[in-house]
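**Student:** Sequence first, then the predicted structure, then my questions.
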Amino acid sequence: MAVAPSQYGGGGTKTVSMFSKLMSTGSQFVMEGVKNFVVKKHNLPATRVADALMELKSNPETDDYRYFDPKMLRVTDSSSIPRNKSPYLEAMVFIVGGGNYIEYQNLMDYVKTKTSVAGITRKITYGCSEVFNADDFIKQLTSLGEEKG
């Protein structure tokens, strides 16, 4: 039994329409999935603090920080230390306790973005009292868990 094409009544355009709708919906799902894999630029807390201090931004996290700038005049009252008017180009970030490579890399990415935008070279030196690899970090967590238990 052969069915004549006239019996479909334009079903070909409906099929094309449904296929294009399927493709557009499918591509939206694919793009949403890809967005989840793309790394977003987030500054970690150490980088946010360094940015606020170097750029002289008013920030509740850093308002109580003290400035020790050897170029500024000596002041006897530490609460009234004058602040520099221009942003700092160099900083030292030191973490007491365990530091990690992710914080270091985040600070280096921050320096690169600030240098590329302003054209002024910035320098951040990162240090910490301990750097852990994954095994040492797990061992430290285990020992902390045993102390609590």
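**Tutor:** It's in.

**Student:** Let me know the distance separating residue 133 from residue 97.
**Tutor:** As judged by C-beta to C-beta, to the nearest Å, residue 133 and residue 97 stand 16 Å apart. Placement of C-beta: from N, CA and C, glycine included.

**Student:** Helices of this protein, residue ranges please.
**Tutor:** Remark: helices assigned in the chain by DSSP state H are 11-37, 45-54, 101-118, 134-148.

**Student:** Least reliable of those helices by average pLDDT, please.
**Tutor:** With a mean of 61, helix 11-37 has the lowest mean pLDDT of those.

**Student:** Quick check: residue 96 touching residue 130?
**Tutor:** No. Residue 96 is beyond contact range of residue 130, at 9.4 Å (criterion: C-beta atoms under 8 Å).

**Student:** So between those two, which is more surrounded?
**Tutor:** residue 130 (12 against 9; other C-beta atoms under 10 Å).

**Student:** what sits against the more buried one?
**Tutor:** Residues near residue 130 by C-beta atoms under 8 Å, 6 or more residues apart in numbering: 97, 98, 99.

**Student:** Bridge partners for the second one, pull those for me.
**Tutor:** Put plainly, it is residue 98. As for beta bridges, residue 98 partners with residue 130 under DSSP bridges.

**Student:** ok, it - how many residues close by?
**Tutor:** Neighbours of residue 98 using other C-beta under 10 Å come to 14.

**Student:** how much space between it and residue 119?
**Tutor:** Taken as C-beta to C-beta, the span from residue 98 to residue 119 is 35 Å.

**Student:** what's residue 57 sitting at in phi/psi?
**Tutor:** With angles defined as degrees, to the nearest 10, residue 57 sits at phi -80, psi 140.

**Student:** Could you double-check that it lies in contact with residue 51?
**Tutor:** Yes. Taking contacts as C-beta under 8 Å, residue 57 lies within contact range of residue 51: 7.1 Å.
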